[in-house]
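J.: Here's my sequence, what's the structure:
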Amino acid sequence: AMWTVPISLTMGNCVILKPSEKVPLTMQRMVELMVQAGIPPGVFQIVHGAVEVVTSMCDHKDISAVSFVGSSKVAEIVSKRCHAVNKRVIALGGAKNHLLALPDCDVAMASRDIVASFAGCCGQRCMAASVLILVGGDSDNDLLKAVVEASAQLVAGQAGGQMGAL
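T.: The predicted model follows:
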């Protein structure tokens with residue numbers, strides 16, 4: 001969930017975060033830090049709870065979209081509930097990591113960082129990106145082409161700069 005917050009805020013949305021009821025303290029601290037940093041009141045809020053909070057958020061008429069990251073089982077439940085009330089939803093089962101590229105990104109830097117994200121540590125780290133979302137403006141697919149070109153340069157091996165065995 002932490003990774004969807006900057007995307008949502010960057011796109012001009014307010015966020016109500018419902019962290020895992022099992023480990024809420026990291027997200028609670030993030031809210032405190034964002035308030036200290038000067039985020040306007042009401043733009044980023046946190047609620048705590050379990051199933052009843054999730055269903056309330058899915059059903060609430062003033063919440064226009066829901067983003068969920070977690071287990072595939074719960075992602076399916078959230079998706080179905082939101083679709084039942086015609087609400088926009090992105091339900092990321094299996095907790096995939098998404099990268100968002102805006103039209104004004106530095107293509108060379110972004111392509112290097114994207115490849116490092118999914119190929120570093122052979123893709124076996126928790127932050128290995130598995131999905132790239134290109135947001136408008138790149139009709140020539142320059143970033144996508146640069147990522148493909150950089151990926152083609154990956155070399156298997158154990159030396160520095162090489163991608164080791166899985």
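J.: Ile114 versus Asp106, what's the distance?
T.: Distance of Asp106 to Ile114, computed by Cβ to Cβ, to the nearest Å: 12 Å. Just so you know, the C-beta spots here come from the backbone N, C-alpha and C atoms, and that holds for glycine as well.
J.: Give me the more crowded residue out of these two.
T.: Ile114 (21 against 10; other Cβ atoms under 10 Å).
J.: so what secondary structure elements neighbour the strand or helix carrying Ser67?
T.: Using DSSP states H and E, the element containing Ser67 is strand 65-70. Secondary-structure packing of strand 65-70 (3 or more Cβ pairs under 8 Å, 6 or more residues apart in numbering; DSSP states H and E): helix 4-10, helix 72-84, strand 88-93.
J.: remind me which residues of this structure are low pLDDT?
T.: 1-2, 95-96, 121-127, 138, 160-161, 165-166 (pLDDT under 70).
J.: so where do the helices sit in it?
T.: Remark: helices assigned in the chain by DSSP state H are 4-10, 25-37, 51-59, 72-84, 107-119, 142-152.
J.: I'd like to know which of the ones you listed is closest to Gly164.
T.: helix 107-119 (10.3 Å; Cβ to Cβ).
J.: what does stretch 69-80 contact?
T.: Outside stretch 69-80, the residues that touch it by Cβ atoms under 8 Å, 6 or more residues apart in numbering are 1, 3-4, 20, 54, 58, 66, 68, 89, 91-95.
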